[in-house]
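In: Build me a model from this:
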Amino acid sequence: MKIRDFTFAQRLEELMVDRDLYPSDIQRITGIKRQRIYEYLQGVTQPSAYNLKRIAEGLNVSSDWLLGIKDN
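Out: I've put the predicted structure just below:
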């Protein structure tokens, strides 16, 4: 059984709620397919380094924050 790390999923969901964004908005901003974004939100998979960078840049946050390494 795979142990899931929800830190990224929780941070992404927090951003989406705070900014009133939907997976389709994240897709538009980053170019990442909506199905993949749902997988991230469910904790099924973690983003590749490339997709992590796209999300961080698109949402104007650090990748360290998204991964739970830093709190700001």
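In: switch to C-alpha atoms for all contacts and neighbour counts from now on
Out: OK.
In: quick one: average confidence on stretch 48-67?
Out: On average, the pLDDT along stretch 48-67 is 95.
In: Buried residues in stretch 15-28, which are they?
Out: 16, 23, 24, 26, 27 (16 or more other CA atoms under 10 Å).
In: which residues touch it?
Out: Here stretch 15-28 makes contact (CA atoms under 8 Å, 6 or more residues apart in numbering) with 32, 33, 34, 37, 38, 55.
In: Likewise for stretch 29-49?
Out: So stretch 29-49 is contacted by 4-6, 8-10, 12-13, 23-24, 26-27, 51, 54-55, 58-59 (CA under 8 Å, 6+ apart).
In: could the contacts of stretch 15-28 go into JSON lines alongside distance to residue 46, secondary structure and neighbour count?
Out: Formatted as JSON lines, the contacts of stretch 15-28 follow (distance: CA to CA, whole Å; DSSP: H, G, I helix; E, B strand; the rest coil; neighbours: other CA atoms under 10 Å):
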{"residue": "32", "distance to residue 46": "13", "secondary structure": "coil", "neighbour count": "16"}
{"residue": "33", "distance to residue 46": "14", "secondary structure": "coil", "neighbour count": "13"}
{"residue": "34", "distance to residue 46": "14", "secondary structure": "helix", "neighbour count": "16"}
{"residue": "37", "distance to residue 46": "10", "secondary structure": "helix", "neighbour count": "21"}
{"residue": "38", "distance to residue 46": "11", "secondary structure": "helix", "neighbour count": "15"}
{"residue": "55", "distance to residue 46": "12", "secondary structure": "helix", "neighbour count": "23"}
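In: out of these, what pair is the most spread apart?
Out: Greatest spacing in these, by CA to CA: 38 and 55 (13.5 Å).
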